[in-house]
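> Below: sequence and its predicted model.
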Amino acid sequence: MTDLSIIIVSWNVADVLATCLDSILANPMPNFTSEIVVVDSGSTDHTTTLLRERYPQVKLLAQTENLGFTRCNNIGLEAAGGRNLLLLNPDTEMMGAALGQMLAYLDANPAVGIVGPHTLNTNGTTQSTRRRFPTLATAFFESTWLQRFVPKALLDRYYVRDAPDDAVIEVDWVQGSALLARREVYAQIGGLDEGYVMYSEEMDWCKRAKDAGWRVVYLGTAQITHHGGKSSEQVTARRHIHFQQSKLRYFRKYHGWLAAQTLRVFLLILYLGQLVLEGLKGLLGHKRALRRERVTTYWQVLRSGLKVRS
């Protein structure tokens with residue numbers, strides 16, 4: 001059995017994907033065998049042509065339509081043959097021996113089911129990719145315009161700021177831009193929950209893994225670069241909707257209906273307030289094009305009602 005299956009979901013990011021694949025191929029793992037599986041989610045650019053012509057060693061699973069990030073990852077997981085499974089974003093680049101380090105760590109620590117690397121931004125600064133599970137208090141503030149007013153200790157705990165960036169530390173979950181899991185974890189808990197179109201699916205997966213008895217570790221000694229959000233940048237309003245709907249789904253699933261509905265009403269009120277504020281700024285003539293774009297985005301979020309998929 002292959003040691004590692006690298007699963008990449010791609011949507012209209014051919015050039016970024018090529019950079020990612022080149023970085024993988026430029027950093028071979030002499031002690032491990034691997035395969036690369038790319039699930040293309042109905043791209044309309046030259047992704048499939050690029051893969052067939054320049055990367056014939058890649059297993060391409062081309063979909064005829066955009067099925068969403070989570071569903072496509074599950075398609076990749078179903079097709080993968082490795083004893084370890086790496087979910088990897090196309091806007092990442094491998095650095096040095098990171099993949100080999102992650103695999104060696106799993107082999108040496110049989111109680112660990114999931115590992116995430118130390119992830120850098122494009123400018124070389126550390127990207128926050130390790131987390132503890134959110135409390136309801138965290139959910140009301142994190143990733144909203146109220147975040148700047150939250151007590152520092154609340155977010156420090158959530159973002160695991162009590163450990164250095166190069167630490168090897170057990171956490172609750174790691175970001176899905178580069179998430180390495182044992183096949184045994186996948187066999188035991190199944191694939192990603194497709195009720196999450198995108199966002200929070202990795203938090204849910206890690207939650208299920210930990211509930212099943214597996215440990216999740218942030219491996220700060222293995223580094224990659226994540227350039228961030230190239231596919232989701234293409235659909236601003238949908239990004240807001242998917243992010244908040246996913247947050248609500250997680251809280252409904254693990255904290256109950258009342259907690260999720262309370263959070264949903266709170267978020268909708270926040271978006272309404274943002275819409276009114278941006279509209280007033282536009283009327284006063286301050287950056288009108290930007291204000292118009294934001295009003296349109298917030299209106300689409302409000303129209304969605306942030307209803308959670310069953």
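On my side now, so go ahead.
> so where is the stretch 201-310 of the chain shaky, pLDDT-wise?
In the predicted model, the stretch 201-310 of the chain carries pLDDT under 70 at residues 229-235, 310.
> All the strands of it, in order from the start?
215-226 (DSSP state E, counting those that start in this stretch).
> Kindly report the same for the stretch 51-200 of the chain.
59-63, 84-88, 92-94, 112-120, 130-131, 168-171, 173-174, 178-182.
> Which residues does stretch 37-46 contact?
5-14, 17, 47-48, 51, 58-69, 72-73, 75-76, 79-80 (CB atoms under 8 Å, 6 or more residues apart in numbering). C-beta coordinates here come from the backbone N, C-alpha and C atoms, glycine included.
> tell me how far it is from the chain's mean position?
A distance of 18 Å separates the centroid of the chain from that of stretch 37-46, by CA atoms, centre = their mean, to the nearest Å.
> Which parts of that stretch count as buried, going by neighbours?
Of the residues in stretch 37-46, Val37, Val38, Val39, Asp40, Ser41, Ser43 count as buried by neighbour count, 16 or more other CB atoms under 10 Å.
> and the residue most central in space within the chain, what is it in contact with?
The centroid of the chain falls nearest to Gly176 when counting by CA atoms, centre = their mean (3.7 Å). Each residue near Gly176 by CB under 8 Å, 6+ apart is listed here: Leu87, Asn89, Glu201, Glu202, Trp205.
> what number of residues lie near the last one?
It refers to Trp205. 28 (other CB atoms under 10 Å).
> Span of stretch 253-260 from start to end?
9 Å (CA to CA, to the nearest Å).
> And Ile8, how close does it get to Pro134?
27 Å (CB to CB, to the nearest Å).
> Equivalent analysis for Ala187, please.
27 Å.
> thinking again about what came up before, okay, and which of the buried residues of stretch 37-46 map to helices?
Using DSSP state H, no member of these falls within helices.
> out of these, who's nearest Ala97?
Taking CB to CB as the measure, Ala97 lies nearest Val37 of those, at 21.7 Å.
> domain ranges for this structure?
4-232, 235-304 (automatic domain parsing).
> which of those domains sits most buried?
Comparing those by mean neighbour count (mean count of other CB atoms under 10 Å), domain 4-232 comes out on top with a mean of 18.
> mind checking how far stretch 218-228 is from the chain centre?
The answer for stretch 218-228 is 13 Å, by CA atoms, centre = their mean.
> Show me what it is in contact with.
Contacts for stretch 218-228 (CB under 8 Å, 6+ apart): 16, 89, 91-99, 101-102, 105, 115-122, 127, 129-130, 160, 163-171, 174, 177-178.
> got it, and stretch 257-268?
Here stretch 257-268 has contacts from 136, 139-140, 144, 244, 247-249, 251-252, 302, 305-306, 308, using CB under 8 Å, 6+ apart.
> Quick check: the two most widely separated of those?
The widest separation within the contacts of stretch 257-268 (CB to CB) is 22.3 Å, between Leu136 and Leu302.
> any chance of the strands of the stretch 51-200 of the chain in TSV, with mean pLDDT and distance to Glu278 too?
Shown next, in TSV, are the strands of the stretch 51-200 of the chain (pLDDT from 0 to 100; distance: least, CB to CB, whole Å):
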stretch	mean pLDDT	distance to Glu278
strand 59-63	97	36
strand 84-88	98	35
strand 92-94	96	33
strand 112-120	98	32
strand 130-131	97	30
strand 168-171	98	36
strand 173-174	98	33
strand 178-182	98	35
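> Nothing else from me, thank you.
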